[in-house]
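J.: I need the structure of the sequence given here:
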Amino acid sequence: MTRIADLPEFDMAEQLRDAEDIAVYLQLALDDEDPSELAHALGVIARARDDRNRAKKRDDPRSTLQGTPSGQQPPL
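T.: All right, here's what the predicted structure looks like:
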């Protein structure tokens with residue numbers, strides 16, 4: 001028997017991969033007509049967009065080189 005503690009953690013923000021996913025998720029939250037559900041959905045969307053932006057920046061080799069003198073490591 002599987003225990004709840006053994007199940008993988010689910011994060012809706014990880015499922016929102018593009019603008020279409022975000023639009024569908026937002027529409028579902030609006031259809032509920034529950035202000036708390038809408039507020040939660042907006043938070044999830046913000047987190048998903050932030051995660052995507054971080055991933056893009058991390059994969060962009062220019063992001064670590066901009067603004068640093070040649071030969072020096074960028075600050076952490």
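J.: what helix or strand does the residue positioned nearest the centre of the chain sit in?
T.: In the chain, the residue lying closest to the centroid (CA atoms, centre = their mean) is Ala48, at 1.8 Å. Ala48 is part of helix 35-59 when elements are defined by DSSP states H and E.
J.: Over to Leu26?
T.: With secondary structure defined by DSSP H and E, Leu26 is part of helix 19-31.
J.: and Leu16, what does it touch?
T.: Under the criterion of CB atoms under 8 Å, 6 or more residues apart in numbering, the neighbours of Leu16 are 22, 25, 44-45, 48. (C-beta placed from N, C-alpha, C; glycine too.)
J.: Tell me the spatial nearest neighbour of it, not counting adjacent residues.
T.: Ala48 (4.0 Å; CB to CB, 6 or more residues apart in numbering).
J.: wait, what's in contact with the one you found?
T.: Residues counted as contacts of Ala48 (CB under 8 Å, 6+ apart) are 12-14, 16, 22.
J.: Tell me what angle the lowest-mean-pLDDT helix or strand in the chain forms with helix 19-31.
T.: Among the secondary structure pieces of the chain, namely its helices and strands, helix 35-59 has the lowest mean (mean pLDDT, DSSP states H and E), a mean of 91. Interaxial angle, helix 35-59 versus helix 19-31 (axes from the mean of the first three to the mean of the last three CA atoms, to 10 degrees): 170 degrees.
J.: Appreciated, that's everything.
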